[in-house]
Each structure stands twice: as C-alpha cells, then as structure tokens.
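Q: give me coordinates for this.
(chains A and B)
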Amino acid sequence: MQPWLNQALTWSNALVLFLWVVVFLFIVLGFVTYAIYFERKVIGWMQLRIGPNRVGPLGLLQTVADIFKLLIKEDTIPRKADRVLFIIAPALAYIPAFSVLAVIPYTQKLYFADLNVGLLYYVALSGISTLAIVLGGWASNNKYALLGGMRSAAQMISYEVPLVISVVGVILLSGSLNLRDIVAAQDGGWFWDWNFLPQIIGFVIFIIAAISELNRTPFDLPEAESELVAGYHVEYSGFRFAFFMLSEYVYVYAIAALTTVLFLGGWHAPAPFLDFVPGIVWFLLKFAFIVFFLFWIRATMPRIRVDQLMGLGWKVLLPISLLNVFLTALYLELFIKN
Amino acid sequence: MFNIDFTGEFAAFFVFSAIMICGAVLMISLEKVVHMVISMAAVFLGLAGMFVLLEAEFVAFVQVLIYAGAVSILMIFGIMMTKHQAAEREPAKPLHETLAAVGALSLFGVLFYAIRITTFPEAGNFNPGEDNTMAIGELLYTGYVIPFELLSVLLTVAFIGAIVLAKKEADE
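A: Sure, this is the predicted structure:
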C-alpha cells in the first residue's frame, strides 16, 4: 500500500483508493455474514444442537437469507419518534465502526493508513458509536429504548476507561501509538516476545473490557433477550436494525484485529523456524482464534447482573489497569533504561 | 483576487469549514436541545478535521475523543432527563432582530476588510516534526511540568469534590 499512500492525490489515484475501500467494505460484509453463521454453528455444537443447516449446503446461506429478510422488511418509523435522529442514528453507529478499520495493519506491506496516532484514532472514533446508541434510544421515544440506550452508554463508557488504560502498558513498551510500530516492537522471533506475556495483566483486562465494549455475553445486558424487551433498538426494524447489528459485528472484527495487533504480535510467526509461512496467514489465524474465543465465551458464560457489571468495571478493572501502568513504568525505569 | 491552487487539501478545508459553519448555525437555530448537541458534535468533528489538515494528529484525535465523544455524551445524558417538546418560540422583536443583523453584518465586513488588506509575513518552512505526540509529551514533562502537575491536582480536587457532593446527597 505504501506507494499508493505516498503519491500526490490525483483523480486516478483517488479512484484507486476508493476502489480499495469498496473491496475492503465487501470483505468486511463477507466477514460479518460468515461470522454470524460461524457463531450460530459454534454455539449450536457447544449446546449439542446442529445449528443452521437448511438454507444452502450446510446452512451456508442462512445469514444471507436473514439479511435479505431484513432488507425487504417493512421499514417502520414510530409516529412520535424524532424522525431525523431516528434515521441518522444507525448510520452514525456504522460510520465509526467502519472507519476504525482503516488503521489496522495486516502485514508489513498491507495496511490502509499509516497514522502515527493509530491507537488514539481507534479509541476516539469508537466513542462516537456510543453517541449513536444513546441517540437511537432517545429518538425512538419509547421508555424501554431509552432505558436500553442509557444502559448501553453507561456500560460502554465504564469499560472504555479500563480498555484504554490497559493498552497504555503496550504503548509504554513499544514507545509509539502507531499500530505498525507496535507490531514491529514485538519482533523477537518467538511467541514470548509478543506483548501478551510481558503485559499479561493488561491483556486480561483488555479482553474483559473488550467483550464488554462489544456488548457480548457475559456483558450483553443492553440486549439481554431473556429479561429485557430488546434494548436501544426496540423500535428499529428492517435495514436500520440491520445497520445496528452490522456495526456490532464490524466491531467484533475491529476488536479481534486490534487484539492481534496489540498483544498477539500481528503478522509475526510464533517461532523463528515458522517464518516461511507468509505473515498474512499468521494474522488471519490469530484473528480467527480471537473471534472463535468471543463465541466460545458466549456459549460458556452466564450473564452478570447490572450492579455487578458496574462494580467490576470501576472497582476491579480500573484500579488493576492503573496498577499495570505503574508496574510497567517501574519495570522500564529500573531494567530497560539503564 | 483569490489566488488559490485547487488541491486536495483545499477541498478538504472547504468540506470541514462547511461542516463547522453548518453545525454552528444549526446549533443556534434548532429548537430541540438534543439536536443542538448533535450539531455541536459536528462542529467538534469538523474542528478535528482542521487539526488533521494542520498535521496535528494528536490534538485532532484528542479533540474527537474528549469533545465529540465524552462531552457530547455527557450533555445528552443530562438533556435526556428533560422534556421532549421543543421550547416555545419567543415573540419576535423586529427592531431587536434588525439591529442584531446590522451589527453582525458590519462585524463581518470589518473582519473581512481587515483580513483582505493585511499583508501576512511570508511564513517560514513549516516543519510538523516527525512525531508530534512525542514532542508534546516531552514538552509537557520538561518545560511545562509544573503547570501540568498543577492541572492534574486541580482535576483531582474537582473529581473528589464531585464524589463528596454526590455522596452527601445519596446519604440524605
């Protein structure tokens, strides 16, 4: 990508870049389609069921059929809803979800933006999605939607804080906010040079906070099917609802890729003698493992209560993540600097 | 009169200015408070875009994180508790509005004239630096360490104060 990114912007260049974005959009949509299928299959197997198996060979077209159903469904807007915000909110949720993917580096050569504050960019833009969720809940003019929106926002804000602080350790170790430099700093040849072992506390906090940010079990309180109506998107139907769901799954992609980059060494092979395998394969393997891990957790864990959720975020994760920053700084000061 | 090359940067500047000006105008003219906050968030995002154009990425994304994200959500949280209906319109005051329009136009005229007749000194070659995040960090912890620490203390005091106030109300 480098030669394209550093050229002067002409019309033909802009067209090439635009086409890349379109290709990437379709890759992400394909990922979302099959992530949903995979999730249903995996959870089905774990619960001794078969999972979707009717539409297409092995049920492969199930998600396609579901999405098609959503798209042709009647699009309702409640009469008393705030019309403009009701329409804007799903788009406002999706745009940041897709834009954060720009800074993820896949291999040494394949990346879409070489931003020197990549990590900050990710954190900043993903905050905008919270705004969209609150707005969607408020604009519906429905008390359940409003409550769901408030719950989501409270949860996302509480867990964003430990999420950000837990990666400060990684930033300290690699001395950069650029995601490419962070991967480059994990280049030791062996898998114990990746950040997840030196930063084990940060890694665990990051995973917990990330699951909560994604609103997935055990933290799926905003849309707990068995106890709530639905959450902030009660009033949404058809393709607007699909947009909210889509941005949720795009964030699964984003968090899985970010975990790979920050803690699992990105495109590096786990051992020097495995270097002949191309980097993109390693990236995809680690990425797929994280995605599987998220589904696995979902099939395994019960849902926690809302007061436990807030208590865990503020009283446990936040102090430990601060301690992690302190310990990392101390370690760097005592052993590395001299 | 306008000796400007049409580059990508110029186009981006135009887009961001349009976003900011539209946001600011809507912020004043819309009637529901939540809509106002959204247009304000648009201004913040446009401003972040401007910072990116000035090669100050760190400031730009901190702007998005703090203002467009945190501050806007905080305001919406507060506003959501208020009633949904738009505020009633105040009765129009023709004289007042005419005078305000004349004042605003003449201010614009003065500013525009002043900007047009000023000859700006030739700017030196701007060097945005290799890594402005690093540069900001180094400055904060060397030259500006005392103001920085004072600010941290101030924020901590405000933080603890807020907790104390909330605690007092919760106990009653």
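
Q: quick check: closest non-adjacent residue to residue A:185.
A: Excluding the flanking residues, the one nearest residue A:185 by Cβ to Cβ, 6 or more residues apart in numbering or on different chains is residue A:174, at 3.5 Å. (Each C-beta comes from the backbone N, C-alpha and C, glycine too.)

Q: burial of the one you found, as a residue count?
A: By other Cβ atoms under 10 Å in any protein chain shown, the residues close to residue A:174 number 18.

Q: what sits against it?
A: By Cβ atoms under 8 Å, 6 or more residues apart in numbering or on different chains, the residues touching residue A:174 are A:181, A:182, A:184, A:185, A:186, A:195.

Q: what about 10 Å?
A: A:181, A:182, A:183, A:184, A:185, A:186, A:195, A:262 (Cβ atoms under 10 Å, 6 or more residues apart in numbering or on different chains).

Q: mind listing what the fourth one touches?
A: It stands for residue A:184. Residue A:184 is in contact with A:105, A:108, A:174, A:176, A:178, A:266, A:268, counting by Cβ under 10 Å, 6+ apart.

Q: now swap in the fifth one and tell me
A: Contacts for residue A:185 (Cβ under 10 Å, 6+ apart) come out as A:170, A:173, A:174, A:175, A:176, A:178, A:193, A:195, A:265.

Q: let's have the residues you listed in JSON lines, adding pLDDT and secondary structure.
A: Listed next are those as JSON lines, based on pLDDT from 0 to 100; DSSP: H, G, I helix; E, B strand; the rest coil:
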{"residue": "A:170", "pLDDT": "92", "secondary structure": "helix"}
{"residue": "A:173", "pLDDT": "90", "secondary structure": "helix"}
{"residue": "A:174", "pLDDT": "88", "secondary structure": "helix"}
{"residue": "A:175", "pLDDT": "86", "secondary structure": "coil"}
{"residue": "A:176", "pLDDT": "87", "secondary structure": "coil"}
{"residue": "A:178", "pLDDT": "89", "secondary structure": "coil"}
{"residue": "A:193", "pLDDT": "85", "secondary structure": "helix"}
{"residue": "A:195", "pLDDT": "88", "secondary structure": "coil"}
{"residue": "A:265", "pLDDT": "87", "secondary structure": "coil"}
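
Q: quick one: which of the contacts of residue A:174 sit in helices?
A: A:181, A:182, A:183, A:184, A:262 (DSSP state H).

Q: coming back round to it: want to throw the contacts of residue A:185 into JSON lines with distance to residue A:28?
A: As requested, those are arranged in JSON lines below (distance: Cβ to Cβ, whole Å):
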{"residue": "A:170", "distance to residue A:28": "25"}
{"residue": "A:173", "distance to residue A:28": "30"}
{"residue": "A:174", "distance to residue A:28": "27"}
{"residue": "A:175", "distance to residue A:28": "31"}
{"residue": "A:176", "distance to residue A:28": "26"}
{"residue": "A:178", "distance to residue A:28": "22"}
{"residue": "A:193", "distance to residue A:28": "30"}
{"residue": "A:195", "distance to residue A:28": "25"}
{"residue": "A:265", "distance to residue A:28": "23"}
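
Q: the residues you listed: which two are farthest apart?
A: A:178 and A:193 (18.4 Å; Cβ to Cβ).

Q: these two - which one has more neighbours?
A: residue A:178 (23 against 15).

Q: quick check: closest non-adjacent residue to residue 71.
A: Looking at chain A here, since you left the chain open. Nearest to residue A:71 is residue A:239, by Cβ to Cβ, 6+ apart, at 5.3 Å.

Q: to clarify, I was referring to chain B.
A: The shortest distance from residue B:71 to any non-neighbouring residue, by Cβ to Cβ, 6+ apart, is to residue B:44 (7.8 Å).

Q: residues contacting that neighbour?
A: Taking Cβ under 10 Å, 6+ apart, we find residue B:44 in contact with B:19, B:20, B:23, B:63, B:64, B:66, B:67, B:68, B:69, B:71, B:72.

Q: for the contacts of residue A:185, which one is nearest residue B:121?
A: Nearest to residue B:121 out of those is residue A:178 (Cβ to Cβ; 34.6 Å).

Q: how about the closest one, phi and psi?
A: Main-chain dihedrals, residue A:178, degrees, to the nearest 10: phi -80, psi 120.

Q: same deal with residue B:142?
A: Residue torsions, per degrees, to the nearest 10, at residue B:142 are phi -120, psi -80.

Q: cool, and residue A:50?
A: Main-chain torsions, residue A:50, degrees, to the nearest 10: phi -90, psi -30.

Q: so where's chain B uncertain?
A: For chain B, residues meeting the criterion pLDDT under 70 lie at B:1-6, B:83-90, B:123-130, B:172.

Q: 90 instead?
A: Counting by pLDDT under 90, the ranges of chain B that qualify are B:1-12, B:28-36, B:52-58, B:68-71, B:73-97, B:116-141, B:143, B:166-172.

Q: now do whatever residue of it ends up closest to chain A against residue A:191, distance only.
A: Among all residues of chain B, residue B:69 sits closest to chain A, at 3.1 Å; criterion: Cβ to the nearest Cβ. Using Cβ to Cβ, to the nearest Å, we find residue B:69 at a distance of 35 Å from residue A:191.

Q: higher neighbour count, the two?
A: residue B:69 (25 against 16).

Q: quick one: residue A:156 from residue B:163, how far?
A: 22 Å.

Q: with neighbour numbers in mind, choose between these two.
A: Applying other Cβ under 10 Å to residue A:156 and residue B:163 shows that residue A:156 carries more neighbours, namely 23 against 10.

Q: list the contacts for that one?
A: Residue A:156 neighbours (Cβ under 10 Å, 6+ apart): A:126-127, A:129-131, A:133-134, A:163, A:212-215, A:222, B:73.

Q: would you mind listing which of those are buried?
A: For these, a burial check counting by 16 or more other Cβ atoms under 10 Å in any protein chain shown picks out A:126-127, A:129-131, A:133-134, A:163, A:212-215, A:222, B:73.

Q: my read: residue B:12 touches residue B:49, true?
A: Yes - under the criterion of Cβ atoms under 10 Å, residue B:12 makes contact with residue B:49 at 7.0 Å.

Q: tell me the contacts of residue B:138?
A: When contacts are counted by Cβ under 10 Å, 6+ apart, residue B:138 touches residue B:131.

Q: which parts of whichever strand or helix holds it are buried?
A: Here residue B:138, judged by DSSP states H and E, is contained in helix B:132-141. Of all the residues in helix B:132-141, those buried under the rule 16+ other Cβ under 10 Å are B:132, B:133, B:136.

Q: distance of the closest residue to the first one other than its chain neighbours from residue A:231?
A: Using Cβ to Cβ, 6+ apart and skipping residues adjacent in sequence, the residue nearest residue B:132 is residue B:58, 5.7 Å away. With distances defined as Cβ to Cβ, the gap from residue B:58 to residue A:231 amounts to 35 Å.

Q: tell me which stretches of chain B form helices.
A: For chain B, applying DSSP H gives helices covering B:8-29, B:33-53, B:57-63, B:72-80, B:94-117, B:132-141, B:145-171.

Q: among the ones you listed, show me which one is buried the most.
A: Ranked by mean neighbour count, the helices of chain B are led by helix B:57-63 with a mean of 21 (mean count of other Cβ atoms under 10 Å in any protein chain shown).

Q: before we move on, back to that, let me have the buried ones among the contacts of residue A:156 in CSV, extended by secondary structure.
A: Converted to CSV, the buried ones among the contacts of residue A:156 look like this (DSSP: H, G, I helix; E, B strand; the rest coil):
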residue, secondary structure
A:126, helix
A:127, helix
A:129, helix
A:130, helix
A:131, helix
A:133, helix
A:134, helix
A:163, helix
A:212, helix
A:213, helix
A:214, coil
A:215, coil
A:222, helix
B:73, helix
